[in-house]
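In: no FASTA, just this:
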């Protein structure tokens, strides 16, 4: 492949990435999809060389050769995770898994001159909930009173003082049930009399519950923002739990929110972010969190198309900023 392509790093079945790829293909922009843990080494090979001030290399698949030094931009979505090296049966297998993860991913995160949306290192930093909340408060977002603690007495006092609080993990996590299937830990309301000494086992995140009338998902792409109001049929604190119950509609973004979103992206070195807000009856937008790699393909069709187009614009242009 001699043109300067866009590299899309994600797993098969990623509907969000599919929409951006379709937009790029429609514009005639060459794009290559790669899922490192699934494609290497059976379906693809890689060689990268660094020396004398130059970075060169190729990824070769059954149908094409990708010049790594020519990649104009990288859309880093959700590649399949490599297996845990400790689950391998032999030391040699564990070595191979760890070297594969560090080697393939290491090269793909070091492409010179490529613009990343977003670089996975930036994503990892921005996923720090405590840093998110501190940054959001510093920049001027309305942030619910929050406590991160493993002290049971402090958790009980916080819940007593606020009356109604919510609990969420300090980091997104899936728990394995007895049947081996993953379970998502949803945001839920808790009361002081539910909190016991098990709080001491690890940090827990509690927030004062915002009396919201709706949720807002805002996708920020560079300087552009696209917001959708999410109304839920019924009293469900976490709209993600059953998306068949939600209705999405475009909503204008207040100027103050728009500017603070841009400042937040700049603070973390992000090009894209999916922001969640709670909207109260007075029209205030309460910052809940930012997922630097969050979904947007579930909102209304017009907004989905606009986000795909904005991402394609940035990926097509490339250029490191």
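Out: Received the coordinates, thanks. Bear in mind that the values here come from a model prediction, so they are computed numbers and not experimental data.
In: ranges for the helices of this structure?
Out: 15-26, 36-39, 91-108, 120-126, 129-139, 152-162, 255-268, 301-317 (DSSP state H).
In: neighbouring contacts of the second one?
Out: Residues lying outside helix 36-39 but in contact with it, judged by Cβ atoms under 8 Å, 6 or more residues apart in numbering, are 9, 11-12, 61, 79-83, 100-101, 104-105, 108. In this view, the C-beta of every residue, glycine as well, is placed from N, C-alpha and C.
In: what residues are up against residue 318?
Out: Applying Cβ under 8 Å, 6+ apart, the residues near residue 318 are 4, 6, 72, 73, 113, 114, 115.
In: so for those residues, which is the shakiest by pLDDT?
Out: Minimum pLDDT across these is recorded for residue 113, with 88.
In: all strands of the stretch 101-250 of the chain, in order?
Out: If you assign secondary structure with DSSP state E, counting those that start in this stretch, the strands in the stretch 101-250 of the chain sit at 115-117, 146-149, 165-168, 174-176, 182-184, 188-190, 204-208, 212-221, 224-232, 246-250.
In: circling back to that earlier point, so which of the helices of the chain is nearest residue 224?
Out: Of all the helices of the chain, helix 301-317 sits nearest to residue 224, with 5.0 Å by Cβ to Cβ.
In: tilt between the closest one and strand 246-250?
Out: 60 degrees (axes from the mean of the first three to the mean of the last three Cα atoms, to 10 degrees).
In: buried stuff in helix 301-317?
Out: For helix 301-317, a neighbour-count test (16 or more other Cβ atoms under 10 Å) marks 303, 304, 306, 307, 308, 309, 310, 311, 312, 314, 315, 316 as buried.
In: between those, which is nearest residue 184?
Out: residue 304 (23.1 Å).
In: out of the strands of the stretch 101-250 of the chain, which is the most enclosed?
Out: strand 115-117 (a mean of 23; mean count of other Cβ atoms under 10 Å).
In: which strands and helices lie in contact with that strand?
Out: strand 73-76, helix 301-317 (3 or more Cβ pairs under 8 Å, 6 or more residues apart in numbering; DSSP states H and E).
In: distance of the residue nearest to residue 5 when sequence neighbours are not counted from residue 11?
Out: With Cβ to Cβ, 6 or more residues apart in numbering as the criterion, residue 5 has its nearest non-adjacent residue at 4.2 Å, and that residue is residue 30. Noted for residue 30: a distance of 21 Å to residue 11, by Cβ to Cβ, to the nearest Å.
In: what's the answer for residue 39, then?
Out: In terms of Cβ to Cβ, residue 39 sits 10 Å off from residue 11.
In: ditto for residue 130
Out: 29 Å.
In: who's more crowded, those two?
Out: Ranked by neighbour count (other Cβ atoms under 10 Å), residue 130 and residue 11 place residue 11 first, with 16 against 13.
In: by mean pLDDT, which helix or strand of this protein comes out lowest?
Out: Here the helix or strand of the chain ranked lowest by mean pLDDT, DSSP states H and E is strand 174-176, holding a mean of 60.
In: please parse this protein into its domains.
Out: By the assignment in automatic domain parsing, the chain contains the domains 6-117, 124-129+211-299, 145-208.
In: need those domains in CSV with distance to residue 138, can you?
Out: Below are those laid out as CSV (distance: least, Cβ to Cβ, whole Å):
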stretch, distance to residue 138
domain 6-117, 25
domain 124-129+211-299, 8
domain 145-208, 14
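In: and residue 287, what does it touch?
Out: With Cβ under 8 Å, 6+ apart, residue 287 has these contacts: 133, 136, 141, 142, 143, 275, 277.
In: closest to residue 290 among those residues?
Out: For those, the nearest to residue 290 is residue 275 (4.9 Å; Cβ to Cβ).
In: residues in contact with that closest one?
Out: Shown in contact with residue 275 (Cβ under 8 Å, 6+ apart): 216, 217, 218, 219, 220, 261, 264, 287, 289, 290.
In: and the residue nearest to residue 24 when sequence neighbours are not counted, how many neighbours does it have?
Out: Sequence neighbours aside, residue 31 is the residue nearest to residue 24 in space, at 4.7 Å (criterion: Cβ to Cβ, 6+ apart). Other residues near residue 31 come to 21 when the count uses other Cβ under 10 Å.
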